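Asks: give the three-dimensional model of this entry:
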Amino acid sequence: MNPYVLMILLSSLGLGTTLTFASSHWLLAWMGLEINTLAIIPLMAQHHHPRAVEATTKYFLTQATAAAMILFAGSTNAWITGTWDLTNMMNPLASSLVITALALKIGLAPMHLWMPEVLQGLDLTTGLILSTWQKLAPLTLIIQTAQNIDPMLLTMLGLLSTLIGGWGGLNQTQLRKILAYSSIAHMGWMVIVLQYAPQLTLLALLTYIFMTSAAFLTLKLYSTTKINALALTWSKSPILSATTALVLLSLAGLPPLTGFMPKWLILQELTKQNFPITATIMALAALLGLYFYLRLCYAMTLTVSPNIINSMMPWRISTTQTSLLLALLTTTALGLLPLTPAILTLTT
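Replies: Sure, this is the predicted structure:
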């Protein structure tokens, strides 16, 4: 892709998200979401592969549907209440339509079916943008409108997302689909605590971005998209394979890694709010995710692919990819748990 075109598309991605962040008017927020969607579509289809074009078409149709629902909900609310203010969604129909549309935007269950299929058709860099940056604007709108949304609806969306995200990843062999179901499960953790402690939602989002970015950049460095190909990674770079296994366990929420922090605090908050059954279901759903992350760790660190002697030393081939960002993200994804008290002080 022409570098000038790429710069314009990436700038538009940033502009769309910033516009939604800064808006208090539904029409302006909708415009930001639309700029965001239109900017990423050429990035998704840049390889001109039939699978990429199919994924782009699916993404465009789902995002267009969600955008139309958001515009309809904002218009309905303005018609009934006389205001376009984001925080004044007093009409139950409009607020239910908005949360449904935003759930479709970020891939919350049961509006999640597009997410694994779309991510599977993209290259790893565009998949990283879709899994991290594209979640920011819709989640901001969900946080701003959460006070007017039925708490039971948010709880059901969160529980369904964690359970489906856990179950869906169990029988997958494609790494991008596994990361898609991981994204669905993490969105569920963020949404379920939103009505009680929005700062924990932001904390879970930040840690998710660090961990997922480290996972995507590692797979890009290895040029790997399937589980069986992970068996070759140990001979390429033993240290990177070990740290990648730890990053995957951090995504699963295993102590003493960073990913344990948001899950621990969210379960603590749910217990404080007198929802022990919900907290128990969430903890059990996290075990499902831990299982398929352990499959990946097993493939990376405890298996060796059957090869002839000549191909057992692929580490001799030097890479030209830079890894400073990967090193920073991996360090962040592994070592933030001891800083939990300081982070809590900053967020409260």
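Asks: CA atoms for contacts and neighbours, from now on please.
Replies: Fine.
Asks: buried residues in stretch 64-75?
Replies: Residues 64, 66, 67, 69, 70, 71, 73, 74, 75 are the ones in stretch 64-75 that count as buried (16 or more other CA atoms under 10 Å).
Asks: equivalent analysis for stretch 243-253, please.
Replies: By 16+ other CA under 10 Å, the buried positions in stretch 243-253 come out as 243, 244, 245, 246, 247, 248, 249, 250, 251, 252, 253.
Asks: ditto for stretch 325-339
Replies: Within stretch 325-339, the residues that count as buried by 16+ other CA under 10 Å are 326, 327, 329, 330, 331, 332, 333, 334, 336, 337.
Asks: now, which of the residues you listed lie within helices?
Replies: 326, 327, 329, 330, 331, 332, 333, 334 (DSSP state H).
Asks: closest one of those to residue 123?
Replies: Residue 123 lies nearest to residue 326 out of those, by CA to CA, at 17.4 Å.
Asks: which residue packs closest to the closest one, ignoring adjacent ones?
Replies: Leaving out its chain neighbours, the residue that sits closest to residue 326 by CA to CA, 6 or more residues apart in numbering is residue 214, at 5.7 Å.
Asks: which residues sit in contact with that neighbour?
Replies: Contacts here follow CA atoms under 8 Å, 6 or more residues apart in numbering; on that basis residue 214 touches 247, 326, 329, 330, 333.
Asks: now with 7 Å?
Replies: Counting by CA atoms under 7 Å, 6 or more residues apart in numbering, residue 214 touches 326, 329, 330.
Asks: do I have it right that residue 177 meets residue 116?
Replies: Yes. With contact defined as CA atoms under 7 Å, residue 177 and residue 116 form a contacting pair (4.9 Å).
Asks: now tabulate the buried residues of stretch 64-75 in CSV and tack on pLDDT and distance to residue 225.
Replies: Rendered in CSV, the data for the buried residues of stretch 64-75 read as follows (pLDDT from 0 to 100; distance: CA to CA, whole Å):
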residue, pLDDT, distance to residue 225
64, 95, 29
66, 95, 29
67, 94, 31
69, 95, 34
70, 94, 35
71, 93, 37
73, 92, 39
74, 91, 40
75, 92, 43
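Asks: among those, which pair sits farthest apart?
Replies: Largest separation among the buried residues of stretch 64-75 by CA to CA: 64 and 75, giving 16.4 Å.
Asks: quick one: low-confidence residue ranges for the stretch 1-150 of the chain.
Replies: For the stretch 1-150 of the chain, applying pLDDT under 70 flags no range at all.
Asks: tell me the pLDDT of residue 311.
Replies: With respect to pLDDT, residue 311 scores 51.
Asks: apologies, that question was intended for residue 256.
Replies: 88.
Asks: assign it to helix, strand or coil.
Replies: The three-state assignment at residue 256 reads coil, by DSSP: H, G, I helix; E, B strand; the rest coil.
Asks: that one and residue 201, how far apart?
Replies: Using CA to CA, to the nearest Å, one obtains 20 Å as the distance from residue 256 to residue 201.
Asks: between the two, point out the one with more neighbours.
Replies: Taking neighbours as other CA atoms under 10 Å, residue 256 and residue 201 compare with residue 201 leading, 22 against 15.
Asks: thank you kindly, that will do.
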